[in-house]
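K.L.:
got a sequence here, can you build the structure:
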Amino acid sequence: MSTKPRFVVAMSGGVDSSAAAWILAQEGLDLVGLFMRNGVHVAEHESSKKSCCSVSDARDARMVAAHLGIPFQAVDLKDEFGGIIRYFLKEYARGRTPNPCAVCNRDLKFGRLMRFARELGAEGVATGHYAQLDVVDGRVHVRRGVDHTKDQSYQLFCVAEDDLSRTRLPLGGLQKTAVRALAREVGLKTSEKKDSQEICFVPSNDYRNLLKEHGTELHPGDLVDTSGAVLGQHAGTELFTIGQRRGHGISSEEPLYVVAIEPDAGRVVLGSRAECGVASALLEEMNWIGVDSPTNGERRVLVQHRYRHEPVPATFSNAGAKPEIVFDEPEVSVTPGQGAAFYEGDRLIGGGWIDATVRAGAAPVG
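P.N.:
Numbers count the residues shown, from 1 in each chain. The predicted structure is shown next:
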């Protein structure tokens, strides 16, 4: 029996997870490659562009595992992915914008796979995420990936500290160009493969197709301005997201953005960019990584509230009925359903899910 540390390495069939597996194999770890099947059929012409869970991806992952000489398993997680799809549809029905990648990280990649690792007697899980992990004084510290254009630390804000403490992320200290060069140098089949994009169970890259496919009931109604005046009609509140500028069909002298979504009333509120400004946001399901939660107090943080947004300064407080972040300056596109990730410099210390937002002089929207 091997005395080397055993890890389950998530292999999607892409260049990143392939390179991560190669690096860990060179470190002498006892690896088991694992591919997650999501049960979503993806046509081959679509899988070459956007997929990370298609039949061809599974084949590529298996071939890389064979190249590395490590055992490989494909695990059917159709039911688990089905739960994420139901969450995705439900959030749009509530007038919110879901973040399925963060939920997948929490529940599957660092949840279900961690349980699978325990069943195999493994110490933990390894993935190709671009983020850095260190253990300092017995607690895990998460930092942004060196390649900030590929940094994926934001999507880890809701992953339990205990799971992250048993995780390896070997790509966090590398540039993406270096990862591809390494994959070419060592002869990995996936070295030139395009990166997967967007959401794995929306291969068309248009979530509206998924709404239609699942027969989601839409809430049509009025497009109104912030004073309540009717500007036009729309086909469904589910077709909009906070901060959206195009696609509402209303022309005006200055650009109009989606300020609020009210599914029960069938209203979509449009306003100027200034009217999109949010003073604060209420949070739920807080998660802390490497630090303790403030006890009836405040903490200064940098908040990143969407995947590709720059973090902005804010004050976190848990003294009220709900945890809250108050932005130093009004912030646009703060969206219920998204995650608010907390940073100190380049270090991720946790975050929470945005439940409602508060515009200056307005009631909470959520």
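K.L.:
the lengthiest strand in the chain pairs with which strands, parallel or anti?
P.N.:
In the chain, assigned by DSSP state E, the strand with the most residues is strand 347-359. Applying DSSP bridges, strand 347-359 is found paired with strand 139-144 (antiparallel), strand 278-288 (antiparallel), strand 339-344 (antiparallel), strand 364-365 (antiparallel).
K.L.:
weakest of the ones you listed by average pLDDT?
P.N.:
Among the strands paired with strand 347-359, strand 364-365 carries the lowest mean pLDDT, at a mean of 53.
K.L.:
run through who's touching stretch 257-264.
P.N.:
With Cβ atoms under 8 Å, 6 or more residues apart in numbering as the test, stretch 257-264 has contacts from 93-96, 219, 226, 237-238, 240-245, 248, 267-273, 275-276, 332, 359, 365. Heads up, the C-betas are built off the backbone N, CA and C, glycines and all.
K.L.:
rewinding a little: what's the most buried one of the strands paired with strand 347-359?
P.N.:
When you average the neighbours per residue for each of the strands paired with strand 347-359 (mean count of other Cβ atoms under 10 Å), strand 339-344 leads with a mean of 24.
K.L.:
closest to residue 102 out of the strands paired with strand 347-359?
P.N.:
Closest of the strands paired with strand 347-359 to residue 102 is strand 339-344, at 5.3 Å (criterion: Cβ to Cβ).
K.L.:
how about the helices in the stretch 101-250 of the chain?
P.N.:
Taking DSSP state H, counting those that start in this stretch, the helices of the stretch 101-250 of the chain run over residues 113-119, 161-164, 176-185, 207-213.
K.L.:
any chance of these in TSV, plus mean neighbour count?
P.N.:
Listed next are these as TSV, based on neighbours: other Cβ atoms under 10 Å:
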stretch	mean neighbour count
helix 113-119	17
helix 161-164	18
helix 176-185	16
helix 207-213	16
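K.L.:
if I pick the nearest residue to residue 159 once chain neighbours are set aside, what's in contact with it?
P.N.:
Leaving aside its chain neighbours, residue 159 sits nearest to residue 110 (4.7 Å; criterion: Cβ to Cβ, 6 or more residues apart in numbering). With contact set as Cβ under 8 Å, 6+ apart, residue 110 has these partners: 125, 156, 159, 160, 163, 164, 167.
K.L.:
quick one: which of these is nearest residue 339?
P.N.:
residue 156 (9.7 Å).
K.L.:
tell me if I'm right that that closest one and residue 127 touch.
P.N.:
No. With contact defined as Cβ atoms under 8 Å, residue 156 does not count as touching residue 127 (10.0 Å).
K.L.:
for the residue nearest to residue 98 when sequence neighbours are not counted, give its distance to residue 331.
P.N.:
In this structure, residue 98 finds its nearest non-sequential neighbour in residue 91, 3.7 Å apart by Cβ to Cβ, 6+ apart. Distance of residue 91 to residue 331, computed by Cβ to Cβ, to the nearest Å: 21 Å.
K.L.:
tell me the pLDDT at the residue nearest to residue 159?
P.N.:
pLDDT, residue 110: 92.
K.L.:
quick one: it from residue 156, how far?
P.N.:
Distance, residue 110 to residue 156, using Cβ to Cβ: 8 Å.
K.L.:
what is in contact with the two at once?
P.N.:
Shared contacts of residue 110 and residue 156 (Cβ under 8 Å, 6+ apart): residue 164.
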